[in-house]
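K.L.:
Turn this into a model:
(2 chains)
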Amino acid sequence: NAGVTQTPKFRILKIGQSMTLQCTQDMNHNYMYWYRQDPGMGLKLIYYSVGAGITDKGEVPNGYNVSRSTTEDFPLRLELAAPSQTSVYFCASSYNRVSYEQYFGPGTRLTVT
Amino acid sequence: AQSVTQLDSQVPVFEEAPVELRCNYSSSVSVYLFWYVQYPNQGLQLLLKYLSGSTLVKGINGFEAEFNKSQTSFHLRKPSVHISDTAEYFCAVSDDDTDKLIFGTGTRLQVFP
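P.N.:
Take a look at the predicted model:
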């Protein structure tokens, strides 16, 4: 099992550009999450999904969109990138509710200039 | 809403010394508590978790944590640290009213030879 995979590993965007961060898990997990990590701030939840076709906002959803058409994939879309979106983005998945362990991908380091 | 406080942003310690990383959470009737570790340039991985039962929880790499309901704490301990324990440690909390994990801001453990 590859676990949770994320692409790309690094990306530099210009202000106003758009991009999609890819996330795939092969553990047949129902729950998937997107977090951003900023220095000294811990992890903030952007969006999450409890199953295919179901998504919900987390703590910091503004400027992002998600979709969940399959159990395996949970892409994160950035529209009109802004410098405030410079961060490290982590995708995670879990079998069921948060009482189950979350498995994290290796992260995507995004810089918006 | 749940919240998590990690009072120490950095903890320096010499190799083979004991260490305690502190975590306090806001009160809840039923709470789930987690410690995750993040090695440099990697995603997070679960160290240990408390769901119910024994208040002393043992995890990987010789770490353990004690759930203290009266003090709303879940401190992480290791009796003798190694250089390889240098990493960032995150405390996280959830409960039955949410599908989400709330993370603390992290504690950077730096082990010196």
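K.L.:
Could you pull up the contacting residues of the closest residue to chain A within chain B?
P.N.:
Residue nearest to chain A within chain B (CB to the nearest CB): B:Gly43, separated by 3.5 Å. C-beta here means a position set from N, CA and C on the backbone, and glycine is covered the same way. When contacts are counted by CB atoms under 8 Å, 6 or more residues apart in numbering or on different chains, B:Gly43 is found next to A:Val4, A:Phe90, A:Ala92, A:Phe104, A:Gly105, A:Pro106, A:Gly107.
K.L.:
now for those residues, which pair is the farthest apart?
P.N.:
The largest separation in these, counting by CB to CB, is between A:Ala92 and A:Pro106 at 11.2 Å.
K.L.:
Looking at those two, which has the bigger crowd around it?
P.N.:
The neighbour comparison of A:Ala92 against A:Pro106 (other CB atoms under 10 Å in any protein chain shown) goes to A:Ala92, with 25 against 16.
K.L.:
So that one lies in a strand, does it not?
P.N.:
Yes: the assignment for A:Ala92 (DSSP: H, G, I helix; E, B strand; the rest coil) places it in a strand.
K.L.:
From chain B, how far out is it?
P.N.:
8 Å (CB to the nearest CB, to the nearest Å).
K.L.:
Could you do A:Thr24 as well?
P.N.:
From A:Thr24 across to chain B, the span is 14 Å (CB to the nearest CB).
K.L.:
Count residues in the vicinity of the closest residue in space to the residue of chain B closest to chain A that isn't next to it in sequence, would you?
P.N.:
Using CB to CB, 6 or more residues apart in numbering or on different chains and skipping the chain neighbours, the partner closest in space to B:Gly43 is A:Phe104 (3.5 Å). A:Phe104 has 23 neighbouring residues, counting by other CB under 10 Å.
K.L.:
Identify the residues contacting A:Phe104.
P.N.:
The contact partners of A:Phe104, by CB under 8 Å, 6+ apart, come to A:Val4, A:Phe90, A:Cys91, A:Ala92, B:Gly43, B:Leu44, B:Gln45.
K.L.:
Which among those count as buried?
P.N.:
With burial judged by 16 or more other CB atoms under 10 Å in any protein chain shown, the buried subset of the contacts of A:Phe104 is A:Val4, A:Phe90, A:Cys91, A:Ala92, B:Gly43, B:Leu44.
K.L.:
any idea which element B:Glu88 lies in?
P.N.:
Counting by DSSP states H and E, the element that carries B:Glu88 is strand B:87-95.
K.L.:
Show me what that strand packs onto, helices and strands only.
P.N.:
Applying 3 or more CB pairs under 8 Å, 6 or more residues apart in numbering or on different chains; DSSP states H and E, we find strand B:87-95 packed against strand B:4-5, strand B:31-38, strand B:73-78, strand B:102-103, strand B:107-112.
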